[in-house]
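Novice: any chance you could fold what I've pasted below:
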Amino acid sequence: MSCVSQSTGQIQCKVFDSLLNLNSTLQATRALMVVGILLGLIAIFVATVGMKCMKCLEDDEVQKMRMAVIGGVIFLIAGLAALVATAWYGHRIVQEFYDPMTPVNARYEFGAALFTGWAAASLLLLGGA
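Specialist: As a prediction, this is how the structure comes out:
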């Protein structure tokens, strides 16, 4: 939503008509999260092929090990993308919260989605490690 604060203290909000109207920071963080999610899914499939209990590539241990390592690297890249997106947006929230020009009733705080993003980034990095 886009909100405007008037001098009387009233706030009027309207829904964004298009995703292209969002500021570039929000668009970039959304894109990074989508990239992180897609890379995470790809990493799951690649790392699954590299597991010792899978029958795929069971005759070539070197190739199986490479698939596991590649899956881990993709997990690390996905974790970094998610971590950059959530940290960037969290930094933006902190900057706007302490900005004296931001009205008190229009300040954002950390929400559940941001904490979930940090947890997901941590798990992706842990999975890659």
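
Novice: residue ranges of the helices in the protein, please?
Specialist: Counting by DSSP state H, residue ranges of the helices within the chain are 24-49, 61-97, 112-128.

Novice: so which of the ones you listed gets nearest residue 103?
Specialist: Taking CB to CB as the criterion, residue 103 comes closest to helix 61-97 out of the helices of the chain, the separation being 10.5 Å. Bear in mind the C-beta positions are built from the backbone N, C-alpha and C, glycine included.

Novice: which elements pack onto the helix or strand bottoming out on mean pLDDT in the chain?
Specialist: Sorted by mean pLDDT, DSSP states H and E, the helices and strands of the chain end with strand 2-5, the least confident at a mean of 74. Applying 3 or more CB pairs under 8 Å, 6 or more residues apart in numbering; DSSP states H and E, one finds that strand 2-5 contacts strand 11-14.

Novice: what's the average pLDDT for the strand it packs on?
Specialist: Per-residue confidence for strand 11-14 averages out to 80 on the pLDDT scale.
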